[in-house]
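1. Below are the sequence and a predicted model; questions follow.
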Amino acid sequence: MGTVSDVVVVGGGPCGSFAAYNLAKLGAEVTVFEEHPEIGVPSHCAGHLSIKGLKHLGQYPLPNSIVESTFRGAAFHSPVGNEFSVRFPSPVTCTVNRVLFDKHIACIAEEAGVRYHLNSRVESLIMEKGSIRGVTVARDGKADVFHAKVVVDSEGISSRLLRQTGLRILDRRMLVNAVQAEVENVRETETDVVEVFLGKDYAPGFYAWLIPKGDGRAKVGLATRFGNPREFLQRLMVKHPVASKKLNSARILREAFHPITLGGPISRVYASGFLAVGDVASQVKPTTGGGVVFGMTAAKLAAEVAWKALEENGFSAGYLSEYQRRCKESFGFDVKVMLRMRKALDAMSDKKLDEMIGICTKLGLDKTLQGVKDIDFQGQSLLRVLRSPRMLGALGYFFYVYLSANL
């Protein structure tokens, strides 16, 4: 018959662990299967997170050992080196050690009663009468069967299990390939400012970033819609008019590569006995590619819906569709706005990007943006600052470019 659990979670990343944690707090019996032998390893992400987003999830402040730096501002560099910067009176973002962060979320889940099985790869979903009723797991050289009333899929971007449900997977046309590097011997950086570099010669379809760590070290990376991200990173470090001054003597200590999904959430995130959370559901900000806060927000909603299903013994697709409805209420509007922003950015030539940076600086938009309190839910933040003539002027130009490219 196999082992029985209330809920099986596939994947021990922050989204899977946070779903498990919230379910266990409510009283569910939860088992997590993680295919790697260690939580958080390998790490691909820069770990740049909003402080407000973490607070909203009840996860800030974090232990000092996890937080690497905090940041009060950001500087945006155009392809030819023009700059627009924003400074806030207090820190708005932080970088975390992603290995330690992932372990921390798993640790609080374990303390709440969640059982973890490492080195355990979920091979397939168990289907019974059109409903998902568990998983088969490969571990210790053999296959085991685990039955569950609900399976929460947090497998990541591969979507291998999601395909088995018949649900539509994420839009692979909206993937960018990223490289994340740890470097030393970085020069001329402000330790509390994140830097963003724009331009199709350096990061076509996305952007590059430099996140200082202090002591001449930094996290540097970019993503690109085509080509080899490593080659674009070398070009950025040597040729970009601003980045090269900071990075041309830098030494890369380690690199990691991973895809990022920018197409917005998949059209349906539930099936009978099944919920999808995190990257597999493409719950990622289309503008910045950040998925930790969005994914963990969805994970908490999934946990609440799954717990209600357990209490009321209702596991049909119709019953679990409440999860999708709650996700749309939580961040559906923001995603729509960010998708339009992503399309407008993709449509901009490097010349237009230069003009945009110049307009933002000329209008003094930094003063308006200092009133932005939430960098995760960007659609709602945009509404709050729309009364500013400066913002209206910048948006007018932004959407003129968008419309010109789509007419």
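-> Right, received. Where do you want to start?
2. Show me this protein divided up by domain.
-> Taking automatic domain parsing as the reference, the chain has its domains at 3-45+99-171+266-337, 174-261, 340-406.
3. Contacts for stretch 167-174 next, please.
-> Stretch 167-174 has contacts (C-beta atoms under 8 Å, 6 or more residues apart in numbering) with 157, 159, 162-163, 261-264, 266-269, 271, 276, 280-282, 286. No exception for glycine: its C-beta is placed from N, CA and C like everyone else's.
4. end to end, how far does that stretch reach?
-> 18 Å (C-alpha to C-alpha, to the nearest Å).
5. so for it, what's the average pLDDT?
-> If you average the pLDDT over stretch 167-174, you get 95.
6. so where is the stretch 101-250 of the chain shaky, pLDDT-wise?
-> Within the stretch 101-250 of the chain, not a single segment meets pLDDT under 70.
7. In the protein, what residue spans correspond to helices?
-> 14-26, 51-56, 98-111, 160-165, 229-239, 243-247, 292-312, 317-320, 322-327, 333-347, 350-362, 365-369, 378-385, 389-406 (DSSP state H).
8. List the buried residues in stretch 127-138.
-> Applying a neighbour-count criterion of 16 or more other C-beta atoms under 10 Å, one finds 127, 132, 133, 134, 135, 137, 138 buried in stretch 127-138.
9. Then stretch 309-318?
-> Neighbour-count burial for stretch 309-318 [16+ other C-beta under 10 Å]: 309, 310, 315, 317.
10. about what we covered before: highest average neighbour count across the helices of the chain?
-> Most buried of the helices of the chain by mean neighbour count (mean count of other C-beta atoms under 10 Å) is helix 14-26; its value is a mean of 28.
11. Now, the contacts of stretch 167-174 that are in strands?
-> Members of the contacts of stretch 167-174 lying in strands (criterion: DSSP state E): 261, 271, 276.
12. which one of the residues you listed has the most neighbours?
-> Each of the ones in strands among the contacts of stretch 167-174 was scored for neighbours by other C-beta atoms under 10 Å, and residue 276 scores highest at 33 neighbours.
13. May I have the residues that are in contact with it?
-> Applying C-beta under 8 Å, 6+ apart, the residues near residue 276 are 152, 153, 154, 162, 167, 266, 269, 270.
14. let's see it at 10 Å
-> By C-beta atoms under 10 Å, 6 or more residues apart in numbering, the contact list for residue 276 reads 10, 15, 151-155, 159, 161-162, 165, 167, 169-170, 265-266, 268-270, 282-283, 298, 302, 323-324.
15. And for residue 188, the neighbour number?
-> 8.
16. Give me the distance between residue 165 and residue 317.
-> Using C-beta to C-beta, to the nearest Å, we find residue 165 at a distance of 10 Å from residue 317.
17. tell me, what's touching those two both at once?
-> 132, 268, 270, 271, 272, 273, 274.
18. between those, which is closest to residue 109?
-> residue 274 (20.1 Å; C-beta to C-beta).
19. distance of that closest one from residue 134?
-> Relative to residue 134, and taking C-beta to C-beta, residue 274 is found at 11 Å.
20. shared neighbours of those two, anything?
-> Joint contacts of residue 274 and residue 134 (C-beta under 10 Å, 6+ apart) are 125, 127, 148, 150, 151.
21. If you drop the residues flanking it in sequence, what lies closest to residue 79?
-> residue 199 (3.2 Å; C-beta to C-beta, 6 or more residues apart in numbering).
22. Tell me how far that neighbour lies from residue 240.
-> Counting by C-beta to C-beta, the gap from residue 199 to residue 240 is 7 Å.
23. intersection of neighbour lists for those two?
-> 77, 79, 80, 81, 208.
24. Could you identify the most distant pair in those residues?
-> Checking these with C-beta to C-beta, the most distant pair is 80 and 208, at 14.7 Å.
25. Compare those two (neighbour count), which wins?
-> residue 208 (27 against 14).
26. OK, contacts around the more buried one?
-> 77, 178-179, 195-199, 202, 220-224, 229, 232-233, 235-237, 240, 243.
27. Next one: it relative to residue 144, how far apart?
-> 44 Å.
28. Residue 154 too?
-> Taken as C-beta to C-beta, the span from residue 154 to residue 144 is 19 Å.
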